[in-house]
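Sequence first, predicted coordinates after that:
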Amino acid sequence: MTHHITLPLTREKAISLKTGDAVYLTGEIFTARDAAHKRFTEAIKNNEPLPISLQDATIFYVGPTPAKPNQIIGACGPTTGTRMDAYAPTLLHQGVRAMIGKGKRAPSVIQAMKENGAVYLGAIGGAGALLASCVTAYEVIAYHDLGTEAVHRLQVKDFPAIVLVDATGEDLYDRATPSL
């Protein structure tokens, strides 16, 4: 099934998505990789304010390349999700509704997704230029010192992804991998 979703992604919308569904996202997403995730987690642990609201947030695991002249953003291909596995459950418990990356996720992340009605979406690795063409606005909003790994706010239109793990924990990688 194909879904055109206007963000933010609510719990109700997230639980309606099924593994293998195609989605096209329009609205606000945030970028964050492992260094930013570590800072988010430390802030939560220390009861410090976060630079963004995580409620119903969509986080794209990406470190965009610098924009060339007349571009909004450079290539922005997904980072492997396992790099964020140590931090993702904490952020999911804070309200993150969708994560965008590539690759398989740890059982602890999938359990936190089930508990919080969240999904893991896959973007195609190697298609960073195509994904960048879906970005209509871009700004660095936190952790500027991290360079391309800073937290960015992106406005996207028809950003393509596929549901890799749905809110019930069904994992497309498990479905696609034959038993030995």
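Thanks, I have the structure now.

Which strands or helices does the longest helix seen in the chain pack on?
Ranked by residue count and defined by DSSP state H, the top helix of the chain is helix 34-45. Contacts defined by 3 or more Cβ pairs under 8 Å, 6 or more residues apart in numbering; DSSP states H and E place helix 34-45 against helix 88-93. To be clear about C-beta, it is placed using only N, CA and C from the backbone, and glycine gets the same treatment.

now do 10 Å
strand 58-60, helix 88-93, strand 135-142, strand 151-165 (3 or more Cβ pairs under 10 Å, 6 or more residues apart in numbering; DSSP states H and E).

Out of these, indicate the one that is most buried.
strand 58-60 (a mean of 26; mean count of other Cβ atoms under 10 Å).

picking up where we left off before, possible to save the helices and strands packed on helix 34-45 as CSV with mean pLDDT and distance to residue 101?
Output for these, formatted as CSV (pLDDT from 0 to 100; distance: least, Cβ to Cβ, whole Å):
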stretch, mean pLDDT, distance to residue 101
strand 58-60, 98, 8
helix 88-93, 98, 10
strand 135-142, 95, 17
strand 151-165, 97, 8
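
will you turn the ones you listed into JSON lines that also has distance to residue 5?
Formatted as JSON lines, these follow (distance: least, Cβ to Cβ, whole Å):
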{"stretch": "strand 58-60", "distance to residue 5": "9"}
{"stretch": "helix 88-93", "distance to residue 5": "18"}
{"stretch": "strand 135-142", "distance to residue 5": "16"}
{"stretch": "strand 151-165", "distance to residue 5": "9"}
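
what comes up buried for the worst-scoring helix or strand of the chain on mean pLDDT?
Within the chain, confidence by mean pLDDT, DSSP states H and E is lowest for helix 172-176 among all helices and strands, at a mean of 84. Buried residues in helix 172-176, counted by 16 or more other Cβ atoms under 10 Å: residue 172.

about what we covered before: need the mean per-residue confidence for the longest helix of the chain.
For helix 34-45, mean pLDDT is 96.

And the contacts of it?
30, 32, 48-52, 54, 59, 61, 63, 79, 82-91, 93-94, 96, 142-143, 145-147, 149-152 (Cβ atoms under 10 Å, 6 or more residues apart in numbering).

what do you get if the cut-off is 8 Å, keeping everything else the same?
32, 48-50, 54, 83-84, 86-88, 90-91, 94, 142-143, 146, 149-151 (Cβ atoms under 8 Å, 6 or more residues apart in numbering).
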